[in-house]
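Peer 1: Below is the structure, and that's it, no one-letter string:
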(Lines give C-alpha, C1' and ligand atoms only; values in the text may rest on other atoms or scores of the structure.)
Protein backbone atom coordinates (compact mmCIF):
# COMPACT_ATOMS: atom_id res chain seq x y z
CA UNK A 1 0.00 0.00 0.00
CA UNK A 2 1.40 3.39 -1.04
CA UNK A 3 1.61 6.63 0.90
CA UNK A 4 0.85 9.93 -0.84
CA UNK A 5 1.42 13.62 -0.13
CA UNK A 6 -0.46 16.48 -1.79
CA UNK A 7 -0.01 19.25 0.82
CA UNK A 8 2.89 20.70 -1.13
CA UNK A 9 4.45 18.90 -4.08
CA UNK A 10 2.66 15.69 -5.14
CA UNK A 11 4.77 12.77 -3.93
CA UNK A 12 4.72 8.99 -3.50
CA UNK A 13 6.57 7.14 -0.75
CA UNK A 14 9.03 4.73 -2.38
CA UNK A 15 10.19 2.55 0.48
CA UNK A 16 11.71 5.17 2.80
CA UNK A 17 12.07 7.93 0.21
CA UNK A 18 9.51 10.39 -1.08
CA UNK A 19 9.65 10.77 -4.86
CA UNK A 20 7.84 12.68 -7.59
CA UNK A 21 4.88 10.99 -9.23
CA UNK A 22 6.52 11.47 -12.64
CA UNK A 23 5.94 13.80 -15.58
CA UNK A 24 3.28 16.53 -15.72
CA UNK A 25 0.51 14.38 -17.21
CA UNK A 26 1.17 11.55 -14.76
CA UNK A 27 1.00 14.03 -11.87
CA UNK A 28 -2.37 15.29 -13.10
CA UNK A 29 -3.61 11.73 -13.44
CA UNK A 30 -2.58 10.81 -9.89
CA UNK A 31 -3.94 14.06 -8.42
CA UNK A 32 -7.34 13.50 -10.06
CA UNK A 33 -7.52 9.89 -8.88
CA UNK A 34 -6.57 10.87 -5.32
CA UNK A 35 -9.20 13.61 -5.30
CA UNK A 36 -11.78 11.02 -6.39
CA UNK A 37 -11.25 9.22 -3.04
CA UNK A 38 -11.63 5.71 -4.43
CA UNK A 39 -14.32 6.46 -7.00
CA UNK A 40 -13.94 5.33 -10.61
CA UNK A 41 -13.02 8.09 -13.06
CA UNK A 42 -13.99 7.51 -16.69
CA UNK A 43 -11.45 7.67 -19.47
CA UNK A 44 -13.47 10.47 -21.11
CA UNK A 45 -13.25 12.48 -17.89
CA UNK A 46 -9.51 11.88 -17.72
CA UNK A 47 -9.13 13.18 -21.27
CA UNK A 48 -10.83 16.41 -20.14
CA UNK A 49 -8.48 16.64 -17.17
CA UNK A 50 -5.28 15.96 -19.11
CA UNK A 51 -5.89 18.23 -22.09
CA UNK A 52 -7.55 21.63 -22.19
CA UNK A 53 -10.22 22.16 -24.87
CA UNK A 54 -8.62 22.67 -28.26
CA UNK A 55 -5.26 21.26 -27.18
CA UNK A 56 -6.01 17.57 -27.64
CA UNK A 57 -3.19 15.79 -29.47
CA UNK A 58 -3.86 14.36 -32.93
CA UNK A 59 -3.36 10.81 -31.68
CA UNK A 60 -6.12 8.84 -29.98
CA UNK A 61 -6.54 10.39 -26.53
CA UNK A 62 -7.91 7.19 -24.98
CA UNK A 63 -4.76 5.32 -25.94
CA UNK A 64 -2.66 8.14 -24.49
CA UNK A 65 -4.56 7.94 -21.21
CA UNK A 66 -3.76 4.22 -21.08
CA UNK A 67 -0.08 5.00 -21.61
CA UNK A 68 -0.07 7.48 -18.73
CA UNK A 69 -1.84 4.90 -16.56
CA UNK A 70 0.94 2.41 -17.35
CA UNK A 71 3.57 5.00 -16.37
CA UNK A 72 1.77 5.74 -13.11
CA UNK A 73 1.55 2.02 -12.33
CA UNK A 74 5.32 1.79 -12.74
CA UNK A 75 5.76 4.71 -10.33
CA UNK A 76 3.46 2.97 -7.85
CA UNK A 77 5.17 -0.42 -8.26
CA UNK A 78 1.72 -1.77 -9.06
CA UNK A 79 2.70 -4.87 -11.02
CA UNK A 80 -0.46 -6.81 -10.21
CA UNK A 81 -2.74 -3.81 -10.87
CA UNK A 82 -4.37 -3.88 -7.44
CA UNK A 83 -3.64 -0.23 -6.60
CA UNK A 84 -4.58 1.44 -9.87
CA UNK A 85 -7.50 -0.74 -10.87
CA UNK A 86 -9.08 -0.89 -14.31
CA UNK A 87 -12.82 -0.63 -13.76
CA UNK A 88 -15.32 0.31 -16.47
CA UNK A 89 -15.63 3.00 -17.67
CA UNK A 90 -12.14 3.99 -16.51
CA UNK A 91 -9.83 3.65 -13.52
CA UNK A 92 -9.95 3.69 -9.74
CA UNK A 93 -7.12 4.26 -7.25
CA UNK A 94 -7.32 1.97 -4.21
CA UNK A 95 -5.64 3.50 -1.16
CA UNK A 96 -6.04 3.84 2.58
CA UNK A 97 -7.15 7.42 3.35
CA UNK A 98 -4.86 7.38 6.41
CA UNK A 99 -1.93 7.18 3.97
CA UNK A 100 -2.84 10.48 2.30
CA UNK A 101 -1.65 13.61 4.12
CA UNK A 102 -4.73 15.59 3.06
CA UNK A 103 -7.02 13.04 4.74
CA UNK A 104 -4.94 13.10 7.92
CA UNK A 105 -5.05 16.90 7.88
CA UNK A 106 -8.83 16.93 7.51
CA UNK A 107 -9.25 14.40 10.33
CA UNK A 108 -7.09 16.47 12.67
CA UNK A 109 -8.89 19.67 11.61
CA UNK A 110 -12.24 18.07 12.43
CA UNK A 111 -10.89 16.87 15.78
CA UNK A 112 -9.62 20.38 16.54
CA UNK A 113 -13.01 21.86 15.67
CA UNK A 114 -14.71 19.45 18.05
CA UNK A 115 -12.29 20.23 20.87
CA UNK A 116 -12.73 23.97 20.35
CA UNK A 117 -16.52 23.65 20.38
CA UNK A 118 -16.25 21.70 23.65
CA UNK A 119 -14.13 24.42 25.22
CA UNK A 120 -10.92 22.35 25.28
CA UNK A 121 -8.90 25.20 23.84
CA UNK A 122 -5.41 24.02 24.81
CA UNK A 123 -5.99 20.60 23.25
CA UNK A 124 -7.55 22.22 20.18
CA UNK A 125 -4.49 24.45 19.80
CA UNK A 126 -2.18 21.43 19.90
CA UNK A 127 -4.22 19.27 17.53
CA UNK A 128 -4.66 22.07 14.99
CA UNK A 129 -0.93 22.70 15.15
CA UNK A 130 -0.33 19.05 14.27
CA UNK A 131 -2.72 19.40 11.33
CA UNK A 132 -0.93 22.46 9.98
CA UNK A 133 2.49 20.84 10.35
CA UNK A 134 1.51 18.42 7.58
CA UNK A 135 1.68 21.24 5.03
CA UNK A 136 4.94 21.64 3.07
CA UNK A 137 3.73 24.32 0.64
CA UNK A 138 0.67 25.17 -1.48
CA UNK A 139 -1.55 22.17 -2.19
CA UNK A 140 -0.43 20.22 -5.29
CA UNK A 141 2.02 22.99 -6.07
CA UNK A 142 3.85 21.06 -8.81
CA UNK A 143 0.74 19.69 -10.56
CA UNK A 144 -0.33 21.42 -13.78
CA UNK A 145 -3.79 22.96 -13.58
CA UNK A 146 -6.81 20.89 -14.56
CA UNK A 147 -10.47 21.36 -13.57
CA UNK A 148 -10.22 18.90 -10.66
CA UNK A 149 -6.73 19.97 -9.60
CA UNK A 150 -7.83 23.61 -9.40
CA UNK A 151 -10.99 22.80 -7.41
CA UNK A 152 -9.25 20.42 -5.00
CA UNK A 153 -6.29 22.73 -4.40
CA UNK A 154 -8.62 25.64 -3.66
CA UNK A 155 -10.70 23.49 -1.29
CA UNK A 156 -7.63 22.34 0.62
CA UNK A 157 -6.17 25.83 0.84
CA UNK A 158 -9.44 27.15 2.25
CA UNK A 159 -9.41 24.37 4.85
CA UNK A 160 -5.81 25.24 5.71
CA UNK A 161 -6.76 28.86 6.29
CA UNK A 162 -9.76 27.87 8.40
CA UNK A 163 -7.57 25.61 10.55
CA UNK A 164 -4.98 28.36 11.00
CA UNK A 165 -7.67 30.85 12.02
CA UNK A 166 -9.19 28.44 14.51
CA UNK A 167 -5.78 27.69 16.01
CA UNK A 168 -5.28 31.42 16.55
CA UNK A 169 -8.73 31.64 18.13
CA UNK A 170 -7.80 28.78 20.47
CA UNK A 171 -4.59 30.58 21.41
CA UNK A 172 -6.52 33.75 22.21
CA UNK A 173 -8.95 31.81 24.40
CA UNK A 174 -6.02 30.67 26.58
CA UNK A 175 -4.45 34.13 26.72
CA UNK A 176 -1.93 33.78 23.90
CA UNK A 177 -2.81 37.03 22.13
CA UNK A 178 0.78 38.11 21.59
CA UNK A 179 2.22 34.61 21.11
CA UNK A 180 0.38 34.18 17.80
CA UNK A 181 0.45 37.82 16.67
CA UNK A 182 3.26 37.32 14.13
CA UNK A 183 1.49 34.25 12.74
CA UNK A 184 -1.79 36.17 12.55
CA UNK A 185 -0.17 39.06 10.69
CA UNK A 186 1.46 36.71 8.18
CA UNK A 187 -1.91 35.08 7.60
CA UNK A 188 -3.55 38.48 7.18
CA UNK A 189 -0.85 39.66 4.76
CA UNK A 190 -1.57 36.65 2.58
CA UNK A 191 -5.34 37.21 2.75
CA UNK A 192 -5.77 40.99 3.06
CA UNK A 193 -9.45 40.98 2.08
CA UNK A 194 -10.46 38.54 4.81
CA UNK A 195 -11.97 40.93 7.34
CA UNK A 196 -12.01 38.44 10.18
CA UNK A 197 -8.21 38.42 10.27
CA UNK A 198 -8.05 42.20 10.71
CA UNK A 199 -10.64 41.90 13.47
CA UNK A 200 -8.64 39.19 15.27
CA UNK A 201 -5.48 41.31 15.09
CA UNK A 202 -7.24 44.37 16.48
CA UNK A 203 -8.77 42.36 19.32
CA UNK A 204 -5.47 40.69 20.17
CA UNK A 205 -3.79 44.09 20.44
CA UNK A 206 -6.53 45.57 22.62
CA UNK A 207 -6.52 42.54 24.93
CA UNK A 208 -2.76 43.08 25.26
CA UNK A 209 -3.20 46.74 26.20
CA UNK A 210 -2.13 48.12 22.81
CA UNK A 211 -5.25 50.11 21.94
CA UNK A 212 -3.50 52.72 19.74
CA UNK A 213 -1.92 49.98 17.62
CA UNK A 214 -5.32 48.35 17.20
CA UNK A 215 -6.75 51.58 15.84
CA UNK A 216 -3.79 51.88 13.46
CA UNK A 217 -4.59 48.38 12.20
CA UNK A 218 -8.15 49.50 11.46
CA UNK A 219 -6.86 52.40 9.37
CA UNK A 220 -4.59 50.06 7.40
CA UNK A 221 -7.51 47.72 6.82
CA UNK A 222 -9.65 50.63 5.66
CA UNK A 223 -7.02 51.67 3.11
CA UNK A 224 -6.75 48.12 1.79
CA UNK A 225 -10.50 47.79 1.28
CA UNK A 226 -10.76 51.21 -0.32
CA UNK A 227 -7.80 50.59 -2.66
CA UNK A 228 -8.74 47.03 -3.62
CA UNK A 229 -12.54 47.13 -3.62
CA UNK A 230 -13.51 50.77 -3.45
CA UNK A 231 -15.45 49.94 -0.29
CA UNK A 232 -15.39 50.66 3.42
CA UNK A 233 -14.70 47.77 5.83
CA UNK A 234 -17.71 45.70 6.84
CA UNK A 235 -20.02 46.32 9.76
CA UNK A 236 -18.20 44.02 12.21
CA UNK A 237 -14.87 45.76 11.69
CA UNK A 238 -16.39 49.24 11.92
CA UNK A 239 -18.28 48.28 15.08
CA UNK A 240 -15.09 46.99 16.65
CA UNK A 241 -13.33 50.26 15.89
CA UNK A 242 -16.14 52.20 17.55
CA UNK A 243 -16.06 49.89 20.56
CA UNK A 244 -12.34 50.50 20.98
CA UNK A 245 -12.80 54.25 20.61
CA UNK A 246 -15.61 54.46 23.16
CA UNK A 247 -14.64 51.77 25.68
CA UNK A 248 -10.99 51.11 25.02
CA UNK A 249 -11.92 47.44 25.16
CA UNK A 250 -12.72 44.79 22.62
CA UNK A 251 -15.25 43.30 25.00
CA UNK A 252 -13.80 39.96 26.07
CA UNK A 253 -15.32 36.96 24.39
CA UNK A 254 -15.61 38.49 20.91
CA UNK A 255 -13.10 35.94 19.61
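Peer 2: Arrived safely, thanks for sending. Since the model is a prediction, treat every value here as computed from it, not as a measurement.

Peer 1: Report the residue spans of the protein with pLDDT below the cut-off.
Peer 2: 54-59, 248-255 (pLDDT under 70).

Peer 1: Need the residue closest to the centroid of it.
Peer 2: residue 157 (2.3 Å; Cα atoms, centre = their mean).

Peer 1: so it sits right up against residue 139, yeah?
Peer 2: Yes - under the criterion of Cβ atoms under 8 Å, residue 157 makes contact with residue 139 at 5.6 Å. All C-beta atoms are positioned from the backbone trio N, CA, C, and that covers glycine.

Peer 1: residues in contact with the residue nearest to the centre of the chain?
Peer 2: Counting by Cβ atoms under 8 Å, 6 or more residues apart in numbering, residue 157 touches 138-139.

Peer 1: wait, what's in contact with the closest residue to residue 208 other than its chain neighbours?
Peer 2: Counting by Cβ to Cβ, 6 or more residues apart in numbering, residue 177 is the residue found nearest to residue 208 once chain neighbours are left out, at 4.9 Å. Contacts here follow Cβ under 8 Å, 6+ apart; on that basis residue 177 touches 171, 203-205, 207-208.

Peer 1: again, 10 Å this time
Peer 2: 168, 171, 184, 200-201, 203-210, 255 (Cβ atoms under 10 Å, 6 or more residues apart in numbering).

Peer 1: Over to residue 236?
Peer 2: With contacts defined as Cβ under 10 Å, 6+ apart, the neighbours of residue 236 are 195-196, 198-199, 254.

Peer 1: Quick check: the gap between it and residue 195.
Peer 2: Note on residue 236: its distance to residue 195, by Cβ to Cβ, to the nearest Å, is 7 Å.

Peer 1: Over to residue 120?
Peer 2: Taking Cβ to Cβ, one finds residue 120 at 27 Å from residue 195.

Peer 1: Strand partners (parallel or antiparallel) of the helix or strand that contains residue 85?
Peer 2: Using DSSP states H and E, residue 85 falls within strand 84-87. Applying DSSP bridges to the sheet, strand 84-87 is found paired with strand 90-93 (antiparallel).
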